[in-house]
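*Asks:* Here is a sequence with its predicted model. Questions after.
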Amino acid sequence: MENKLEGGCFFRSVEYVVEDNFSKLIVCHCTQCQQITGSSQASNLLTDLDNIIWLRGKEKLIRYDDPERDFTKVFCSQCGSGLPFVNKSNTHLIVPAGSLRQSPSFKTRVNLFPSEQPSWHRNSDY
């Protein structure tokens, strides 16, 4: 790995490294993503399936695949932090941007469902 980025959970019980090779940053404002993250959006990076080396704590991951909708949530069993996972269609490794300890680079940013952005966030200055 040439340009590696470190990531993990809040308490560092789970740690990983990835190469800074992301095709997209997807910022999704849908109500489903609001509920699963507890925030105004989900910010996920897409990369190759094998672009991860787990350094420790992989056994602490909990994976939830919704049986009716096309979403997955993987998190640390100790602190609840969102962590990387392979999507259900097995096409991408999804890396929650907030789980990285350094800023990633990416080729494209996509905003999904901006109309579902909550009113308390729509007026924020950023």
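*Replies:* Arrived safely, thanks for sending. Numbers count the residues shown, from 1 in each chain.

*Asks:* okay, and the helix or strand of this structure with the least pLDDT?
*Replies:* Among the helices and strands of the chain, helix 119-122 carries the lowest confidence by mean pLDDT, DSSP states H and E, at a mean of 69.

*Asks:* Residue 84: how many residues sit nearby?
*Replies:* Applying other Cβ atoms under 10 Å, we find 23 other residues in the vicinity of residue 84. Just so you know, the C-beta spots here come from the backbone N, C-alpha and C atoms, and that holds for glycine as well.

*Asks:* Centre-most residue in the chain?
*Replies:* Central residue of the chain (Cα atoms, centre = their mean): residue 96, 1.6 Å from the mean position.

*Asks:* Name whatever forms a beta bridge with it.
*Replies:* residue 44 (DSSP bridges).

*Asks:* what's the answer for the one 4 residues further on, then?
*Replies:* Beta bridges link residue 100 to residue 7 when assigned by DSSP bridges.

*Asks:* what sits against it?
*Replies:* Neighbouring residues of residue 100 by Cβ atoms under 8 Å, 6 or more residues apart in numbering: 5, 6, 7, 18, 45.

*Asks:* at 10 Å instead, please
*Replies:* Going by Cβ atoms under 10 Å, 6 or more residues apart in numbering, residue 100 touches 5, 6, 7, 8, 16, 17, 18, 20, 22, 45, 84.

*Asks:* and if you look at residue 14?
*Replies:* Taking Cβ under 10 Å, 6+ apart as the contact definition, residue 14 lies against 7-8, 54-61, 74-79, 81, 83-84, 99.

*Asks:* Thanks again, I'm all set now.
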